[in-house]
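Colleague: Make a model of this:
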Amino acid sequence: MNSDPITIHFFKEKGVTGDGYIVIVALIMIGIVIGYIISLKSVISYRSEISGLVKKNKEVSDELDSLRNVAIGEEFNFTDKE
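Modeller: Residues are numbered from 1 along each chain as shown. Next comes the predicted model:
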């Protein structure tokens, strides 16, 4: 294992020193957390879009069902032309 000390400098003159394997594991975990947070934004936006589409689909289905139940004689007047 790489147990040599690694110094990381974050916006200050004195850096943070830690064992190599701990630093690598910590940076990988930080990357995973940041990636997860970024992906949450798209998941939330997709869920809201899906719920909007489901609502619109229900409205269109209800309208279609109401049109299927209309009797022909109620709205349409057909005349025989012979």
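Colleague: how distant is the lengthiest helix in the chain from the center of its chain?
Modeller: Counting by DSSP state H, the longest helix found in the chain is helix 20-68. Mean-position distance between helix 20-68 and its chain equals 2 Å (CA atoms, centre = their mean, to the nearest Å).
Colleague: Which strands and helices lie in contact with that helix?
Modeller: Using 3 or more CB pairs under 8 Å, 6 or more residues apart in numbering; DSSP states H and E, the elements in contact with helix 20-68 are strand 5-8. C-beta here means a position set from N, CA and C on the backbone, and glycine is covered the same way.
Colleague: what ranges of the protein fall below the confidence cut-off?
Modeller: Along the chain, the model assigns pLDDT under 70 to residues 1-2, 70-82.
Colleague: So which residue is dead centre in it?
Modeller: With distances taken as CA atoms, centre = their mean, the residue of the chain nearest its centroid is residue 43 (1.5 Å).
Colleague: so how far is residue 36 from that one?
Modeller: 10 Å (CB to CB, to the nearest Å).
Colleague: ok, now residue 14?
Modeller: Applying CB to CB, the value for residue 14 to residue 36 is 30 Å.
Colleague: Repeat that for residue 17.
Modeller: For residue 17 relative to residue 36 (CB to CB), the value is 28 Å.
Colleague: Brilliant, that's me finished.
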